[in-house]
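**Q** I would like the atomic coordinates for the input below:
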Amino acid sequence: MRSRRTRVSLIAAAVALVAGVGIASIGPASAAGAPTTFQGAYEYSAANPNATPPGANNFGCPLSFPHPRPVVLVHGTFENMYDNWGTMSPALQSAGFCVFALNYGSVDPTRTINGTGDIPTSAKELSAFIDHVLAKTGASKVDIVGHSQGGMMPRYYIKNLGGASKVNKLIGLAPSNHGTTVAGLSNLLTDIPPAKSFIDTQCPACSQQFAGSDFLTQLNAGGETNPAVKYTVIQTRYDEVVTPYTSAWLAPASNVKNKLVQDMCPVDPVEHIGIAWDPLVIQQTMHELDSRLPAVIACL
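**A** Numbering: from 1, shown residues only. Just a heads-up that it's a prediction; the model follows:
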């Protein structure tokens, strides 16, 4: 009985820490019909697991000279395309981008919980989705915006699955590029092998994102980036999931930008989940996708 309670407690801790649950009112005002808070989007997507965020997956969207590449949105661990991109997606669509999003990495038969499966397998799902987007739109490359695992997992696709020839830019929002200590949970799991085994069964992606994991060691070996792709990391000092927050940064290179939200706006208190809903970050993301669009012009 004690062993079972220990395992259940660890699972609950992992979900709470990685997903940042308990955040009730993240998000600015959004387009008509779009969710305005993470909690509202989460509750809706729980009842509608295949819901598409507003503005996304219009395969008839015409690419334009200002925006010649589709933008693919990649959600994070325990998230889905709707609750991760409820505000970002319609903002990009309103700015003239052709936006696409997917759910990936579900080991849950109902597919209401995503981003938990083996990360290389999830990268194959992303690869197939990008091929579909390219075929439907006629584009030769995509730009990717990913949150948390979704900002790191595409690097596996770029490095190992031929993605370097199909990705122009990868923008990671609080990406788990070097993993996380998850407030010491990884050390605890190492000390309790049965608990780690249980986590591996339910969420392979959790263990793969622990700092020092075999997966991350191999991903970062031999160089963290590909010279054919441009990379931007946008991270917040108040990230409570990717810890320490500096583990999001990519190694300096001519094709890498590492940007801290608080360098752009010192009073912005945004944390891990909220970063994909933050107006400042949304504006900065659009600027990174198209430098002709304004960067952050006001710090409120």
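**Q** So, low pLDDT: which residues of the chain?
**A** Along the chain, the parts satisfying pLDDT under 70 run over 1-33, 182-198, 200.
**Q** all strands for it, in order.
**A** Remark: strands assigned in the chain by DSSP state E are 71-74, 99-102, 142-147, 167-173, 230-235, 256-260.
**Q** Make CSV from those and add distance to Pro35 and mean neighbour count to it.
**A** (Glycine included, C-beta is placed from N, CA and C.) As requested, the strands of the chain are arranged in CSV below (distance: least, Cβ to Cβ, whole Å; neighbours: other Cβ atoms under 10 Å):
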stretch, distance to Pro35, mean neighbour count
strand 71-74, 14, 27
strand 99-102, 14, 25
strand 142-147, 15, 27
strand 167-173, 17, 24
strand 230-235, 21, 23
strand 256-260, 26, 16
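**Q** Let's have these in TSV, adding distance to Gln209.
**A** Output for these, formatted as TSV (distance: least, Cβ to Cβ, whole Å):
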stretch	distance to Gln209
strand 71-74	14
strand 99-102	19
strand 142-147	13
strand 167-173	13
strand 230-235	15
strand 256-260	19
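**Q** Between those strands, which one is closest to Asn57.
**A** Minimum separation from Asn57 across the strands of the chain (Cβ to Cβ) falls at strand 99-102, 5.5 Å.
**Q** So Thr225 sits against Lys257, correct?
**A** No - Thr225 sits out of contact with Lys257 when judged by Cβ atoms under 8 Å, with a separation of 11.1 Å.
**Q** Quick check: which of the strands of the chain is nearest to Ser45?
**A** strand 99-102 (11.7 Å).
**Q** quick one: common contacting residues for Thr225 and Lys257?
**A** Tyr231 (Cβ atoms under 8 Å, 6 or more residues apart in numbering).
**Q** Now for Asp268: which residues touch it?
**A** Thr236, Val261, Gln262, Asp278, Leu280, Cys299.
**Q** Sorry, slip of the keys, the one I care about is His67.
**A** Gly96, Phe97, Cys98, Leu289, Asp290.
**Q** Now intersect these with the helices, please.
**A** Using DSSP state H, the subset of these located in helices is Leu289.
**Q** where do the helices sit along this structure?
**A** With DSSP H as the criterion, the chain has helices spanning 2-19, 38-47, 81-85, 88-94, 119-137, 149-160, 185-191, 193-202, 204-208, 214-220, 261-264, 279-289.
**Q** Nearest to Tyr104, out of the ones you listed?
**A** helix 119-137 (4.3 Å).
**Q** So Met50 sits against Ala101, correct?
**A** Careful, residue 50 is Asn; it's not Met. No - assessed by Cβ under 8 Å, Asn50 is found out of contact with Ala101, at 11.3 Å.
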